[in-house]
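Trainee: whatever this is, show me its structure:
(one chain, ligands or ions: 2)
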Amino acid sequence: MKEKRRRYLHNTSIEDALNLFFQKGWQETAGETVEVTAAVGRVTAQAVFAKISSPHYHAAAMDGVAVRSQDTVGAAETAPKRLRLNEQAFPVDTGNALPAGCDAVIMAEDITEFAEEVEITASVAPWQHVRPIGEDIVATEMLLPAGHRLSGVDAGALLAGGITQVEVRKQPKVTVIPTGNELVTPGTPPGPGQIIEYNSTVFSALVSEWGGEPLRHDIVRDNFDQILEAVANAAQNSDVVLINAGSSAGRRDYTADVVAQLGEVLVHGVAVRPGKPVILGVVEKTPVIGVPGYPVSAVVALEIFLKPLLYRLQGLAEPARPTLRSVFSRQVTSPLSAEEWVRVKVGRVGERYVATPLSRGSGVITSLVRADGIVRIPQQKEGLVAGEEVDVELLRAPDHIDRTVVCIGSHDLTLDILGDLLSRTYPGHTLSSAHVGSTGGIMALRRKEAHLAGVHLLHEETGQYNIPFLKQFLPDVPVTLVTLVEREQGLMVPAGNPKGIADIEDLTRPDVSFVNRQRGAGTRLLLDARLKEKGISAEAISGYDREEYTHLSVAAAVAAGSADTGLGVAAAAKSLGLDFIPLAKERYDLAIPQASLQDENVIKLLEVARSTEFKQTVDGLDGYHTDKTGEIAYQGE
Ligand SMILES: Nc1nc2c(c(=O)[nH]1)N[C@H]1C(S)=C(S)[C@@H](COP(=O)(O)OP(=O)(O)OC[C@H]3O[C@@H](n4cnc5c(N)ncnc54)[C@H](O)[C@@H]3O)O[C@H]1N2
Ligand code: MOO
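Mentor: Ligands and ions are numbered 1, 2, ... in the order given. Prediction:
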């Protein structure tokens, strides 16, 4: 088939798409008999009934002596009674069968032993300390209904009830077919334009999590006939087929045509972002999903369509995720054409849970790695405003969120080191950091969205770091500044410094192009202060208006050759193999409002920041100093 672009994507609502897909009446998988000892995680295909009772005899529940309760009548502290051993009192251990005629057990602690007798000082009621036949399980009773996923205790109960084999639903077999000329198998160094194939690993894990059995197909090239053959085979040999990528309108996007040729396309294009170009179809009675290539789009599409399908095939209801009422921290706009799935970090700041959106890019798999939950913005809603209440569908346990320190502000590599050390020192505790620049961090403190903010703002008039800004923007909030590190800022240039850049003056040279940081970034203020000192105007610098949001994206611009130089930290330069010309040593502080200083998670974080291990690790990095680490640089009132 020759290459061509097609444009027939629809925008079917999620609800309609689910209806069209499930109208096909997908049947539960057949049953199979498996050993109970290997059945944990599987789903019963039929109700299971006990074969034997448990206990299946009257059993002593305590160590002591078995007796006939009527023999004990009349015993009291004031009138002890003696029972003859092995005639009226039979020594038993927990779990032993009661000797014939006995109906009670007296605990060893409650008897006094003599050579031939035991003495008791209280009478006992019938069935005291006895586990009678069927206390736990009565033969013939139903132990598990059909459609029940077996846990370890379920399997234990079946075994106790005399069941060794159980009929369970066959695990739905799901063939995952990655397609694409650009894909290389993991471990192969990717050349320009090549992509490491990782989606099939993600998909397989989701299939397993939802009870299916993933079958991973080799990468299939963007060739209509090869994809056709792979899909035709998979449809015969599995319960579900996932074709990855080639779902949109590209010249080599064959998925929809393949499904149409082999069977029927039910839906192409659903009103959800990410995930829009998903294809739902059927080939030889087998459901087929054309999953978009971008990883987040793919996961969303699988959550919406594969998850309920796999539960249906196993005869199970799809479980709902727990939700957490939170305050959305930022304004986001969202198209009216689709429901949007926004990945969020959630933290408990004071009494509120605050949800902060992560990257919204469909290709940003780390947004799912970092997410604590998902906020779904309904199709009819234009977005969310800051401070709006939302339900977060949780991907992590709430106690994880309760142990998270939320840091919003300027990014620094040493924050990652600090977070790592926090998690190692106090397992279960994490540092979540969102990078919005120093000023953005102070604003987040003002809105009570973060426990602390990483800041490095040089005040032009006073030459002071951070303090004047706190006084200006948080006049009513007492904030303490704890120094995390001092670090060198400088000009990043390509290895060997081909343009011979030596100082800030060189930025005005006509042959030098610059890349700047965004307004509000501490690094930008530092540049502005230096320019002012030297009487250089911003207009004299070509590229002054070009903004990047992180040290690393500035470094990347220089590494890619789209700018000759930019200002940033030494570590960013080093990570991309650039040379570094130091210009200034600056203080990077953690700004911590009074309320957070009492937060036990923040207390732990500061303890770790002051540890020898943290300082030693940071001292090992280029361009960092820890002489002032942990010191209080300022205490607001
Ligand atoms: N003109 C249009 N272009 C695009 C549209 C559109 O409507 N009109 N939709 C966009 C949207 S939304 C999405 S989502 C993507 C979906 O693209 P495809 O499903 O066709 O996937 P590809 O283009 O082949 O790949 C996208 C991206 O994902 C990477 N990929 C693919 N497979 C894997 C894998 N197994 N492991 C890791 N990464 C994978 C692939 O290399 C690409 O980078 O289309 C937009 N375009
Ligand atoms: O569905 Mo695409 O996922 O919007 O990027």
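Trainee: and the residue of the protein nearest ligand 1?
Mentor: Per Cβ to the nearest ligand atom, the residue of the chain with the smallest distance to ligand 1 is residue 293, at 2.4 Å. All C-beta atoms are positioned from the backbone trio N, CA, C, and that covers glycine.
Trainee: that residue and residue 199 touch, don't they?
Mentor: Yes: in terms of Cβ atoms under 8 Å, residue 293 counts as a neighbour of residue 199; the distance is 7.3 Å.
Trainee: that older thread, tally up the residues packed near the residue nearest to the residue of the chain closest to ligand 1 when sequence neighbours are not counted, please.
Mentor: The shortest distance from residue 293 to any residue that is not its chain neighbour, by Cβ to Cβ, 6 or more residues apart in numbering, is 3.2 Å, and that residue is residue 245. Using other Cβ atoms under 10 Å, the number of residues around residue 245 comes to 28.
Trainee: residue 245: what's it in contact with?
Mentor: Residue 245 sits next to 178, 179, 180, 199, 253, 255, 291, 292, 293 when contact means Cβ atoms under 8 Å, 6 or more residues apart in numbering.
Trainee: is the first one in a helix, a strand, or coil?
Mentor: Read it as residue 178. Using DSSP: H, G, I helix; E, B strand; the rest coil, the three-state assignment for residue 178 comes out as strand.
Trainee: check it and give its pLDDT.
Mentor: Model confidence at residue 178, given as pLDDT, is 98.
Trainee: please identify the helix or strand for residue 188.
Mentor: Secondary structure assigned from DSSP states H and E places residue 188 in neither a helix nor a strand.
Trainee: now the residue nearest to residue 293: phi and psi?
Mentor: The phi and psi torsions at residue 245 (degrees, to the nearest 10) take the values phi 80, psi 180.
Trainee: measure it to ligand 2 for me?
Mentor: Using Cβ to the nearest ligand atom, to the nearest Å, we find residue 245 at a distance of 11 Å from ligand 2.
Trainee: neighbours around residue 411, how many?
Mentor: By the criterion of other Cβ under 10 Å, residue 411 has 23 neighbours.
Trainee: element containing it, please.
Mentor: Here residue 411 is assigned to no helix or strand, by DSSP H and E.
Trainee: check contacts around it.
Mentor: By Cβ under 8 Å, 6+ apart, the contact list for residue 411 reads 433, 435, 454, 550, 551.
Trainee: tell me where the model's unsure across the chain.
Mentor: Low-confidence regions of the chain, defined here as pLDDT under 70, cover residues 1-8.
Trainee: domain-wise, how is it divided?
Mentor: Listed domain ranges for the chain are 14-27+172-313, 31-54+136-169, 59-131, 323-438, 461-635 (source: automatic domain parsing).
Trainee: my guess is residue 585 meets residue 465, correct?
Mentor: No: no contact is recorded between residue 585 and residue 465 when judged using Cβ under 8 Å, the distance being 10.5 Å.
Trainee: of those two, who's got more company?
Mentor: Neighbours of residue 585 and residue 465, each counted by other Cβ under 10 Å, are more numerous for residue 465; the result is 24 against 13.
Trainee: which residues of the stretch 301-450 of the chain fall in helices?
Mentor: Under the criterion DSSP state H, counting those that start in this stretch, the stretch 301-450 of the chain carries helices at the ranges 307-313, 365-370, 398-402, 413-425, 437-446.
Trainee: what's the neighbour count on whichever residue of the stretch 51-200 of the chain sits closest to ligand 2?
Mentor: When scored by Cβ to the nearest ligand atom, the stretch 51-200 of the chain has residue 199 as its residue closest to ligand 2, at 12.8 Å. Using other Cβ under 10 Å as the criterion, residue 199 is surrounded by 25 other residues.
Trainee: residues contacting it?
Mentor: Listed by Cβ under 8 Å, 6+ apart, the contact set of residue 199 reads 178, 244, 245, 291, 293, 295, 298.
Trainee: over to residue 555?
Mentor: Residues counted as contacts of residue 555 (Cβ under 8 Å, 6+ apart) are 492, 566, 568, 572, 573, 575, 576, 578.
Trainee: which of those residues fall in helices?
Mentor: The helices, defined by DSSP state H, take in 572, 573, 575 from the contacts of residue 555.
Trainee: mind putting the residues you listed into TSV with distance to ligand 2 and neighbour count?
Mentor: Formatted as TSV, the ones in helices among the contacts of residue 555 follow (distance: Cβ to the nearest ligand atom, whole Å; neighbours: other Cβ atoms under 10 Å):
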residue	distance to ligand 2	neighbour count
572	29	24
573	33	27
575	28	16
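Trainee: wondering if stretch 322-342 reaches ligand 1 at all.
Mentor: No: using Cβ under 6 Å from any ligand atom as the criterion, no contacts between stretch 322-342 and ligand 1 are found, and the smallest distance is 9.6 Å.
Trainee: coming back round to it: report the two of the contacts of residue 555 separated the most.
Mentor: Across the contacts of residue 555, the longest distance by Cβ to Cβ is 13.9 Å; it joins 566 and 575.
Trainee: what's the closest of the contacts of residue 199 to residue 385?
Mentor: Checking the contacts of residue 199 against residue 385 by Cβ to Cβ gives residue 295 as the nearest, at 28.9 Å.
Trainee: surely that closest one touches residue 361?
Mentor: No: counting by Cβ under 8 Å, residue 361 is not a contact partner of residue 295; they are 10.0 Å apart.
Trainee: more neighbours: which of the two?
Mentor: When residue 295 is set against residue 361 and neighbours are counted by other Cβ under 10 Å, the residue ahead is residue 295, at 22 against 14.
Trainee: ok so, going back, looking at the contacts of residue 199, which are in strands?
Mentor: Taking DSSP state E, the ones among those that sit in strands are 178, 244, 291.
Trainee: and those, which of them are buried?
Mentor: For the ones in strands among the contacts of residue 199, a neighbour count by 16 or more other Cβ atoms under 10 Å gives the buried set as 178, 244, 291.
Trainee: give me the subset of the residues you listed that also touch ligand 1.
Mentor: Among these, the ones lying close to ligand 1 by the criterion of Cβ under 6 Å from any ligand atom are 178, 244.
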